[in-house]
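Enquirer: model this:
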Amino acid sequence: MAQIQVEGQSYQQKQKAYQQAIETVFIRASGQSQILTYPQIKQAIAEPTRYLTQYQFEHKNSQLFLKAQFNEKAVNDLIKSVGEAIWGARRPQLIWWIALDDNQQRHIVADGEPEIVQPILTQSKNRGLPSMFPLVDFDDLMQVSVTDVWGRFEQPVVTASQRYGAEGIVYGKVFKPASQDSVTSQAWFAELQLIEGSQMHNIALSSADLNELWVQVVDQVTDLLAKKYAIKAGEASSQSIVLTVENVNNAAQAVLIQNFLASISAVDSVQIQQLNAQGVNYQLNLLGQAVDVFDALAFDNRIEKVVPKFSQETKMQEHLYRWKG
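Expert: Below is the predicted model of the structure:
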């Protein structure tokens, strides 16, 4: 599903909107903006109605939008046919700590600043990347200062992020040089870091337009994450693992956990095997490696691995987890 703002409902306007919508879907499904460079993808973009399953127009805040839904299997098959990856539902939630200096006042961008936040959230939605901004309230400022974010001091930012339950952090500074002595002084610069799991990436970008800079930052962050989580067509394997989840209270919760496990991009399918004394056994048929699954579980706050107590004598079942919801 993609939502595109349109000027009207003429044939030409709809065709243009369909093309923009399917471009968004290809990029979101693959996790890579470069997907649009393949001839087969270009051909599909030129004929978007071949993949269109339904659409509707709706008005929001005096603006007209087209909502278009495309054949998911056909889109995924085309991405696989060019040898690119499919990025499933497993997408880490990010929190953005941005220290912005616009030559007036240096401050941490808060959730209540739509003129700054909205371009990032809009592009994050286009790329299928869950994103949020901190409140920057009293509780936040007791943990982290604008100097911490500006200087990219990791520990205060990580500590302040804990209340939000995010799985990844983007933090650092965005500024426009005060000097007007050079061409570069007219540009905006972003010097940021992405922390996701045990990995850290540096991001350095510039643009003459601040909104365009936000788009570039989101695109680079998404491309980096997609390289980790997306599974290439040639990586499918027959390997499977069995996980046991304790404290499953009813059938509805068992199915909820099954759907959660199936959302991990390294997982092809999930079957409920059996209920035993320790919980529910799930068989995960994998696309990638088992370590990809364990990494994904380790950084998701909805589930946790059960660690044996030091004094525990009985052997604990392998791959035992506790559901937190």
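Enquirer: does the closest residue to Asn103 other than its chain neighbours count as helix, strand or coil?
Expert: Distances taken as Cβ to Cβ, 6 or more residues apart in numbering place Ala178 nearest to Asn103, at 5.6 Å, with adjacent residues excluded. Placement of C-beta: from N, CA and C, glycine included. State at Ala178, reduced to three classes by DSSP: H, G, I helix; E, B strand; the rest coil: coil.
Enquirer: Ok, Gln271 next?
Expert: Using three-state DSSP, the structure places Gln271 in strand.
Enquirer: what does Met142 give?
Expert: Secondary structure, three-state DSSP: Met142 is helix.
Enquirer: Which pLDDT value goes with it?
Expert: At Met142, the pLDDT value in this model is 96.
Enquirer: ok, it - how many residues close by?
Expert: Neighbour count of Met142, defined by other Cβ atoms under 10 Å: 10.
Enquirer: Kindly report the same for Val146.
Expert: Per other Cβ under 10 Å, the neighbour tally for Val146 reads 18.
Enquirer: Look up how far Ile98 lies from it.
Expert: 10 Å (Cβ to Cβ, to the nearest Å).
Enquirer: Overlap of the contact sets of those two?
Expert: Shared contacts of Val146 and Ile98 (Cβ atoms under 8 Å, 6 or more residues apart in numbering): Ile108.
Enquirer: Could you count how many residues lie near the residue nearest to Asn103?
Expert: Neighbours around Ala178, by other Cβ under 10 Å: 8.
Enquirer: from what I can see it touches Asp102, true?
Expert: No: in this structure, Ala178 is not within contact of Asp102 by Cβ atoms under 8 Å, at 10.3 Å.
Enquirer: Name the next helix or strand downstream of the helix or strand bottoming out on mean pLDDT in the chain, please.
Expert: Evaluated with mean pLDDT, DSSP states H and E, the helix-and-strand set of the chain has its lowest mean pLDDT in strand 231-232, which scores a mean of 62. Later in the chain than strand 231-232, the nearest helix or strand by DSSP states H and E is strand 240-246.
Enquirer: That following strand - contacts with which helices or strands?
Expert: Helices and strands touching strand 240-246, by 3 or more Cβ pairs under 8 Å, 6 or more residues apart in numbering; DSSP states H and E, are strand 279-286, strand 320-323.
Enquirer: One more pass at 10 Å, please.
Expert: Packing partners of strand 240-246 (3 or more Cβ pairs under 10 Å, 6 or more residues apart in numbering; DSSP states H and E): helix 251-262, strand 267-276, strand 279-286, helix 290-298, strand 303-305, strand 320-323.
Enquirer: name the element Lys173 belongs to?
Expert: strand 168-175.
Enquirer: For that strand, what does the pLDDT average out to?
Expert: What strand 168-175 shows for mean pLDDT is 97.
Enquirer: Can you tell me the strand partners of that strand and which way each runs?
Expert: If you go by DSSP bridges, strand 168-175 pairs up with strand 94-101 (parallel), strand 188-196 (antiparallel).
Enquirer: now the shortest one, how far from the chain's geometric center?
Expert: Distance of strand 94-101 from its chain centroid, counting by Cα atoms, centre = their mean, to the nearest Å, is 16 Å.
Enquirer: next structured bit after that strand?
Expert: Moving toward the C-terminus from strand 94-101, the next helix or strand (DSSP H and E) is strand 106-108.
Enquirer: picking that back up, how close does the residue nearest to Asn103 sit to Leu213?
Expert: In terms of Cβ to Cβ, Ala178 sits 17 Å off from Leu213.
Enquirer: so where is the stretch 201-325 of the chain shaky, pLDDT-wise?
Expert: Along the stretch 201-325 of the chain, the parts satisfying pLDDT under 70 run over 231-238, 265, 288-289, 309-316.
Enquirer: I'd like the strands paired with strand 168-175 as CSV, with mean neighbour count and mean pLDDT appended.
Expert: Output for these, formatted as CSV (neighbours: other Cβ atoms under 10 Å; pLDDT from 0 to 100):
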stretch, mean neighbour count, mean pLDDT
strand 94-101, 24, 97
strand 188-196, 19, 95
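Enquirer: Give me the neighbour count for the spatially closest residue to Asp292 that is not a sequence neighbour.
Expert: Nearest non-adjacent residue to Asp292, counting by Cβ to Cβ, 6+ apart: Ala266, 3.7 Å away. Residues within reach of Ala266, counting by other Cβ under 10 Å, total 23.
Enquirer: Wait, Ala266 touches Trp87, no?
Expert: No: taking contacts as Cβ atoms under 10 Å, Ala266 lies outside contact range of Trp87: 11.0 Å.
Enquirer: Geometric centre of the chain: which residue is closest?
Expert: Central residue of the chain (Cα atoms, centre = their mean): Leu129, 2.8 Å from the mean position.
Enquirer: helix, strand or coil for it?
Expert: Here Leu129 is coil, with the state taken from three-state DSSP.
Enquirer: got a list of what it touches?
Expert: For Leu129, the contact set (Cβ atoms under 10 Å, 6 or more residues apart in numbering) comprises 28, 31, 87, 91-94, 120-121, 123, 168, 218-219, 221-222, 225-226.
Enquirer: Go through these and flag which are in helices.
Expert: Arg28, Ile120, Leu121, Gln123, Val218, Asp219, Val221, Thr222, Leu225, Ala226 (DSSP state H).
Enquirer: Having no further points to raise, I will conclude here.
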